[in-house]
Each structure stands twice: as C-alpha cells, then as structure tokens.
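Peer 1: Structure for this input, please:
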Amino acid sequence: MELSGRLKKPLQSSGAAAAIALAVACLLLASVLALPCSPRAEAAPYSWDGGYDARGVPFPAATAYFAEGTTRNGFEEYLVLRNPGSKTAAVTIKYVFQAPERPVLQSLSLGPGAGAGIRVNDRVGPGRDVSVLVAARPGVVCERQVYFNYKGLWTGGHVTSGALAPSKRWYFAEGTTRQGFAEWLCVQNPTADPATVDLDYILGTGENRHQSLQVQAFSRATVDVNAAVGPGQDVSVALASSSPVVAERPMYFDYRGAWRGGDTVTGANAVAREWSFAEGTTRRGFEEWLCIENPGDATTAEVDYLFADGTSSTRGYALPGHARTTLSVNSEAGPEKDVSIRVRSAGDVLCERAMYFLYHGAWEGGHVVMGSTRGRATWYFPTAAIRPNSESWLCLANPGPEANPVKVAVYSAGAAPREQTAVLAPMSRSTLSLDALAAGLDDPWVVVTGAQALDAERPTYFAYDPQVEPEPFTIATCDGVELKSPIRYCDLLGCQFHEAEATASDGASSGAQVMQPVGLCMGDYNPGRLHPAVSLAVGNDPAYFIEDTRSRGSYSTTACDVHSKAGATVYSPVNGTVLRAEGYSLYGRYPDLMAYIAIDGKPGLVVAILHMDSLKVSKGQRVEAGRTPVGTVRDLVPYFYSGPNPWTREEGNHAHIQVNYRPDLHL
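Peer 2: The predicted model follows:
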C-alpha cells in the first residue's frame with residue numbers, strides 16, 4: 001500500500017481548479033451513492049467549496065444521534081448509512097424538530113453491505129431545524145454530511161458520525177466568538193422527559209460564565225454562543241443536563257478575513273487523560289490548532305507529535321485550572337509536516353483539533369474533530385467520500401510503541417474488496433489516497449483493521465454543486481413591500497447596499513426610495529448617510545454590508561448589489577408588471593440590459609433591475625416575486641473591475657436593484 005503525502009495528486013493550478021469546479025454540472029453526494037439531482041431552472045454557476053474530516057466509527061451500533069441539522073435556505077443535509085454486517089438491518093429514522101412540532105419517522109431495510117444516502121431536505125421539507133435519531137437491528141454505521149452557503153456569504157461543509165447514546169454530560173474544548181466566527185450549540189432531547197440544561201462557558205481568560213435552558217421532550221434547541229458570552233472570546237463548554245441529551249457544536253467562520261467555511265463536532269461525554277488524532281498537517285495553506293480544556297485544577301500535559309517519516313517529538317505544557325489552552329501546531333511541530341497527535345495529561349482534560357485551509361490554492365474552509373480517548377483495532381467509514389471534483393484521504397496514526405500491521409479494505413457492491421496492507425512504524429503517521437484506492441468502484445466504503453489499536457480519520461476537500469432548489473427569501477422591505485432576492489440562495493455571494501444615483505438610466509430623476517435591509521449586518525461603512533428610520537437589526541439572514549459613501553446625496557440603503565457569479569439567473573424581486581425590458585448605456589459607456597417592474601398595489605413605485613446580459617421577460621408581462629426569471633447576470637469584470645470586491649472578495653458581478661418613485665412610467 002502506497003501511503004503517501006496529501007499533495008501526491010495536486011490540482012494543476014488554482015485557476016484550473018476553479019474552472020473544474022464551475023464545469024461540474026451535477027455532484028454525487030454520499031460517495032457515489034447515486035443521489036438524484038433536483039431539476040434546476042439553470043445550471044448553477046457557483047459551487048460551494050470547502051472540506052470536512054470524519055473520524056471512523058468504531059463498530060456498528062444500534063443507535064446514532066445527530067443534534068445539529070437544518071434544511072434552511074443555503075443548507076443541504078444528507079444522512080449516509082451503511083450495513084457492514086452479514087444480516088439485513090431494519091432501520092428506523094426519527095427526525096426531531098423544535099417543540100411543539102411532532103417528529104417525522106422513516107423506515108428502510110439495508111441488506112448486507114448495502115448503503116443509503118438520504119437527503120434530509122427531501123424528507124422533512126425546507127426551512128426546518130432538525131435533529132436525527134437512527135435506530136437499527138442489527139447495528140449500522142452512519143454519518144451526517146451538511147453542505148452550506150452560510151447566510152449567503154461563507155460556503156463549505158461539515159460532517160459528524162454522531163453520538164452512540166445520549167448523556168447527562170457533554171464537553172467541548174474548541175470554540176470562539178472572535179471576529180468572523182459564529183458559534184452555535186445544538187441540544188437534542190430524545191427522551192420523554194423535559195431537560196434542564198446548564199451550560200458552563202470556560203473562557204480563554206480563565207473566566208467562567210453560566211447559562212440555563214429548557215429543552216422539551218423529543219425536541220431540539222439551539223443556543224447562540226456569541227450572544228451568550230459576547231464577542232472576542234475563546235470558549236470551551238461543559239454541559240450538565242437533568243435528562244440524557246445529545247450536544248453538537250457547529251461553527252461558521254471567516255478565518256483571519258481570508259478563509260471562509262464551517263465545521264461541527266459532537267461533544268465528548270467524559271474527560272480523560274489521553275487523547276489522540278490521526279489527521280493533521282502544517283503544510284503551506286494549512287493552519288492547525290490543538291485546543292485543551294482543563295475543567296479541573298492546574299495540571300500538565302505532554303503532547304507527542306508523530307510524523308510521516310517515523311520520527312516524533314514530545315513537548316510539555318502547563319495547563320491552568322478551569323481554563324482553555326490553545327496550541328498552534330504549526331509553531332509547535334514546525335512547518336511542512338504531516339502530523340498526528342497524542343496528548344497525555346496528569347489530570348482529566350478534553351482535546352479537539354481544528355484546522356483551517358486553502359487547499360491547493362483553490363478550496364478554502366476548515367474542519368474539526370474531537371480526539372479519541374482510546375485507539376481501536378477496527379474503524380468503519382460508511383462511505384469513501386469520493387466524487388467528481390473532490391479529493392478524499394485516509395489518515396492513519398499508530399501512537400503505540402510497537403509496529404502495527406494494518407489492512408485497508410474498500411468494499412463495493414458486486415465486486416471483491418480491494419485490500420492493501422502496510423506496517424505502521426511505532427509512533428508514526430501515514431496517509432492514503434482514497435480516490436486512488438476506490439477509483440472506478442460503485443458506492444465504496446472502507447474498513448481499517450490493525451493488529452493493534454490505531455486511529456483513523458477521513459479528510460475530504462471539495463467543490464460541491466448545490467442540488468436543492470431554494471425558496472425565495474427577503475433581502476429588504478420598502479413601503480410595506482417585501483423585496484425578494486433576485487439571486488437564489490444557492491448562488492448568493494453577499495448583498496451590498498449603497499447610495500443610489502439621483503438620475504435614472506433614461507435621464508429622469510430616479511426617485512430612489514429608502515430600503516430597510518433584512519438580515520445580518522456585517523458592517524455599516526457609511527453611517528453618516530443611514531436613514532434615521534432604518535434599523536440594522538431586522539432579522540439575521542442573509543448577511544449584508546453597507547458600503548462607503550459614493551457622494552451621490554442619497555441615503556445609504558437606496559440601492560442594493562446582490563452578488564453572484566456571472567451567468568446566474570436573475571429573478572423578479574416583486575409581484576408586478578414589466579414596464580420596460582431593454583438595453584441602455586451604463587455610465588454612458590458600457591452596454592447593459594435593464595428591467596423596470598411596477599409593484600402591485602403601489603402606484604408609482606417601480607423596481608429597477610440592472611446589469612443583465614440577457615432578458616427573459618418583455619413589456620407587459622406579469623411576474624411573481626422570487627419565482628419569475630427576468631434575465632442573467634452580466635460579466636462586469638471586463639468593464640471596470642480590476643480586483644476582488646472588498647465586501648465579498650469575489651469578482652464583483654451582481655444584480656443591482658432599487659425602488660424608484662416613477663409615476664411617469666406606464667405600459
């Protein structure tokens with residue numbers, strides 16, 4: 001078995017990777033599980049890039065719990081199941097919502113070796129926060145994958161194998177509310193009794209804070225950690241509950257203002273004195289962190305850094321009591337290292353490993369795993385996670401003092417398993433390309449077996465083509481009218497409000513009206529021109545910016561640029577009638593297409609939509625908000641963009657909308 005470095009099969013260049021990402025028309029999700037693509041009005045011009053890391057499942061289990069999950073706009077959730085046994089498994093899935101919504105049940109049968117990829121959006125419908133309970137006889141192995149465009153701004157994916165049982169205690173070592181981070185805590189109560197949940201937040205400063213909440217029977221609750229502890233905090237969490245619950249911590253981020261993504265982890269239900277991790281790297285484009293929560297008195301820890309060449313190094317650290325310690329693995333282990341980790345502490349602690357990356361200069365994001373408190377001789381992965389436009393790896397760590405013979409077997413329906421073996425040196429780490437090992441196989445899955453205990457993780461990096469048709473959503477209101485986004489959520493790259501021109505494209509006064517943004521304000525860079533009646537705290541989805549003044553004399557939210565890739569479909573923001581659909585000269589210099597739509601029930605109010613390179617409507621046509629295609633986004637880069645947009649960090653292409661008072665316009 002060739003256990004190679006992760007850059008064994010590099011992309012040709014970041015530009016080539018981006019081109020490949022845009023060319024993929026339909027991405028198969030759960031490891032070639034043949035999940036169908038939903039019908040799309042247009043091919044998506046925007047892929048969601050990112051990565052995630054799955055720890056192996058130690059054995060087929062009768063139950064698996066997933067506290068996090070959502071089918072809101074911008075989220076696509078999948079449940080991946082596998083029966084590795086020799087008998088048919090009867091599986092029941094319970095989808096649990098916020099009280100008082102009743103759970104939804106699903107039953108299926110999995111034959112020996114069979115798998116299933118379930119798109120949760122299809123099972124429960126849009127706009128729902130959902131936890132999942134899987135029950136199977138005999139046991140199965142499963143994981144939950146989520147792909148997202150968080151608030152229309154940060155894309156990526158995350159994965160977890162779930163919890164095997166609920167518990168009255170859960171711990172999380174990682175977590176932060178620093179600028180650019182949004183941290184959440186999801187609590188699933190799968191029991192018939194209400195749960196009183198106490199949360200102790202252990203801050204990097206040594207300060208501790210407390211919060212209590214009630215989680216009703218057979219329901220799920222979500223905690224906004226940023227709101228609970230305030231901004232600028234590194235935070236670990238200790239949870240105690242009156243009834244057994246399951247806890248998971250998703251985070252979404254703009255890491256250092258450079259790499260955007262998200263990750264999630266199921267908590268640990270106990271602290272321990274030894275923790276280990278198989279994956280890890282300090283190569284260029286990766287930043288790795290080790291988070292150690294010490295809920296007890298001051299203690300010490302030794303960290304073993306295990307490298308691919310069979311060498312290792314050990315460093316000692318003092319761990320303050322009732323505090324969180326964060327180590328930069330890049331600094332501690334040195335640059336350009338593939339590194340596994342073993343932590344040995346004199347006291348009971350909790351360890352997580354977070355990584356942020358720009359993979360091959362093309363796919364940005366981050367992933368996190370909870371450490372393992374004991375190695376296993378066998379690890380299961382319900383999918384090899386190979387698909388077009390992705391790269392999947394298998395990381396193996398032998399933290400023991402003796403050489404460990406290991407067999408990696410990839411199974412596929414109707415084919416003999418592909419097996420490769422190797423001997424892992426003591427205190428070492430190795431990496432295998434699953435793309436190479438599982439190439440050409442249908443629906444592959446993986447079993448890792450060692451003669452002695454080892455650790456196994458499966459990191460995957462990707463550009464994902466969204467599959468679910470999103471619902472129309474509101475980005476602003478004006479005079480009681482909801483303005484739906486002209487860009488679908490799956491294609492959204494951010495909203496940017498700014499001052500409108502005083503003169504319309506036809507030379508008349510624009511009569512631009514003030515819009516009330518709806519969503520999360522990421523930054524108001526023009527407070528001096530904000531209309532006094534406009535609030536920046538209306539709703540929290542999607543994200544938007546208010547840009548610097550353009551010295552046009554209008555208020556700062558009289559126009560909005562809704563960003564996307566060139567070629568994205570533009571939809572009508574309102575119900576109404578098309579008054580104009582024609583070409584004009586942008587700034588008197590550049591060819592452009594525009595549409596004016598009279599708003600139903602609002603005499604004189606017209607929505608102007610600019611920057612299209614094709615039109616799909618004509619004068620007199622009736623349109624429906626968020627449903628009727630109006631045109632496609634023009635590529636504006638050749639005209640006047642010389643670099644990334646400062647707000648979205650993308651090319652700057654967008655659909656421009658504003659509401660004008662134009663009683664002079666008629667059919």
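Peer 1: What strand or helix carries Asp263?
Peer 2: strand 259-266 (DSSP states H and E).
Peer 1: Okay, buried residues for the following helix or strand past that strand please.
Peer 2: Sequence-wise, the next helix or strand downstream of strand 259-266 (DSSP H and E) is strand 272-277. Residues 272, 274-277 are the ones in strand 272-277 that count as buried (16 or more other CB atoms under 10 Å). In short, each C-beta sits where N, CA and C put it, glycine included.
Peer 1: Stretch 118-135 too?
Peer 2: Neighbour count says stretch 118-135 has 118-124, 128-135 buried, by 16+ other CB under 10 Å.
Peer 1: still on that earlier bit, just the closest of the buried residues of strand 272-277 to Trp647, please.
Peer 2: Taking CB to CB as the measure, Trp647 lies nearest Phe277 of the buried residues of strand 272-277, at 36.1 Å.
Peer 1: Can you name the residues that contact the closest one?
Peer 2: Residues in contact with Phe277, defined by CB atoms under 8 Å, 6 or more residues apart in numbering, are 340-342, 351, 353, 369, 371-372, 397, 455, 457.
Peer 1: ok, it to Glu482 distance?
Peer 2: 47 Å (CB to CB, to the nearest Å).
Peer 1: Please apply the same query to Arg429.
Peer 2: Taken as CB to CB, the span from Arg429 to Glu482 is 54 Å.
Peer 1: Ok, Ala278 next?
Peer 2: Relative to Glu482, and taking CB to CB, Ala278 is found at 49 Å.
Peer 1: Those two - which one has more neighbours?
Peer 2: Ala278 (31 against 17; other CB atoms under 10 Å).
Peer 1: is it true that that one touches Pro459?
Peer 2: No - between Ala278 and Pro459 there is no contact under CB atoms under 8 Å: 9.4 Å.
Peer 1: okay, and the common contacts of these two?
Peer 2: In contact with both Ala278 and Pro459: Cys395, using CB under 8 Å, 6+ apart.
Peer 1: circling back: which single one of the contacts of Phe277 is nearest to Tyr255?
Peer 2: Using CB to CB, the contacts of Phe277 come closest to Tyr255 at Arg353, 15.0 Å.
Peer 1: How many residues are close by that closest one?
Peer 2: With other CB under 10 Å as criterion, Arg353 counts 29.
Peer 1: surely it meets Arg342?
Peer 2: No - under the criterion of CB under 8 Å, Arg353 is not in contact with Arg342, lying 11.5 Å apart.
Peer 1: mind checking how far the closest residue to Val130 other than its chain neighbours is from Ile93?
Peer 2: Of all residues not flanking Val130 in the chain, Gly69 sits nearest, at 4.5 Å (CB to CB, 6 or more residues apart in numbering). Separation of Gly69 from Ile93 (CB to CB): 12 Å.
Peer 1: What of Thr449?
Peer 2: Counting by CB to CB, the gap from Thr449 to Ile93 is 29 Å.
Peer 1: So these two - more neighbours on which side?
Peer 2: Ile93 (23 against 18).
Peer 1: For that one, give the beta-bridge partners.
Peer 2: When assigned by DSSP bridges, Ile93 has beta-bridge partners Gln106, Val134.
Peer 1: which ones are touching it?
Peer 2: 79, 105-108, 118, 132-135.
Peer 1: how close does it sit to Val607?
Peer 2: Distance from Ile93 to Val607, by CB to CB: 43 Å.
Peer 1: before we move on, what about Arg488?
Peer 2: From Arg488 to Val607 the distance is 17 Å (CB to CB).
Peer 1: cool, Tyr661 as well?
Peer 2: 11 Å.
Peer 1: which one of those two has more residues nearby?
Peer 2: Just comparing Tyr661 and Val607: by other CB under 10 Å the higher neighbour count belongs to Val607, 27 against 16.
Peer 1: Identify the spatial nearest neighbour of the more buried one, chain neighbours not counted.
Peer 2: Leaving out its chain neighbours, Val607 is closest to Ile597 (CB to CB, 6+ apart), at 4.7 Å.
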